[in-house]
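A.B. asks: Build me a structure from this.
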Amino acid sequence: MTITSDNARQGASHRYRAIRDFVQSTDDALPGKLEITKEGIVHDMMAPVGPHELTAAHLRKRLEKVIPDELLAHTGEPDVEDEAEGIMRRPDLMVIAWEDMEVPGSFDPHTLIAAIEIVSRSNPDNDWIGKVRDYPLIGIPVYAIFDPRTGTGAVLTDIHPTPDGPRYATRKDFVYGEDVTIGEWTIATDNLPRYK
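C.D. replies: Predicted structure coming up:
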């Protein structure tokens, strides 16, 4: 039985590495963003538009006013990767310690304090469904979602085991204009841009 289990794990790991190699080889050749989930590749075709990027900039600036100096609200690359789970994601914004960024390759998701996503107009299910499933699975303790389509969002916390794998136990919804707590820090959500 152990041999079958080891073979299955090796096969899954080989499949994941092949998918990751493909994603990395096409990174600059395709528009949008590619990520890997248990189901395969997620391709967000649209490059982020003004309100998406502006929301990320506002959130970064607001978080950096309240988080300690040893932490950073980081946007951009590299990806967050858990090869054992076969998941590679690129959060719009990550709260992470400076020292945990000093790694070759992708960030370890277990070092993230929070992942923040701004819902894309072209693929909202990726943020509201796929990442709600994937982020607790790879150990990201806090997941905040900002949705410029509706002017609402949610903060998910408290990972707990379920028959379907780890899931967030707590969800706190908010409306733009309310203060929101991400991890230990509270920021304003007023004047965040909306999609037209």
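A.B. asks: so what's residue 94 closest to, chain neighbours aside?
C.D. replies: residue 74 (4.9 Å; Cβ to Cβ, 6 or more residues apart in numbering). In this view, the C-beta of every residue, glycine as well, is placed from N, C-alpha and C.
A.B. asks: Would you mind measuring from that neighbour to residue 122?
C.D. replies: 23 Å (Cβ to Cβ, to the nearest Å).
A.B. asks: quick one, which of the two is more surrounded?
C.D. replies: Legend: neighbour count by other Cβ atoms under 10 Å for residue 74 and residue 122, higher for residue 74 (18 against 14).
A.B. asks: Next up, the contacts around the more buried one.
C.D. replies: 93, 94, 95, 96, 101 (Cβ atoms under 8 Å, 6 or more residues apart in numbering).
A.B. asks: hmm, try it at 10 Å
C.D. replies: 60, 91, 93, 94, 95, 96, 98, 100, 101, 107, 112 (Cβ atoms under 10 Å, 6 or more residues apart in numbering).
A.B. asks: Mind giving me the PyMOL command for buried ones among those residues?
C.D. replies: Of these, the buried ones go into a single PyMOL selection, burial set by 16 or more other Cβ atoms under 10 Å:
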select buried, resi 60+91+93+94+95+96+100+107+112
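A.B. asks: how about the contacts of residue 74 in TSV, adding distance to residue 187?
C.D. replies: Formatted as TSV, the contacts of residue 74 follow (distance: Cβ to Cβ, whole Å):
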residue	distance to residue 187
60	10
91	16
93	11
94	15
95	11
96	17
98	20
100	21
101	21
107	22
112	17
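A.B. asks: Show only the entries of the contacts of residue 74 found in strands.
C.D. replies: Under the assignment DSSP state E, the contacts of residue 74 contribute 93, 94, 95, 96 to strands.
A.B. asks: Just the element for residue 63, please.
C.D. replies: Using DSSP states H and E, residue 63 sits within helix 50-66.
A.B. asks: Please tell me how far residue 186 sits from residue 157.
C.D. replies: Distance, residue 186 to residue 157, by Cβ to Cβ: 14 Å.
A.B. asks: who's in contact with residue 71?
C.D. replies: 63, 64, 95, 96, 97, 98, 100, 113, 114, 183, 185.
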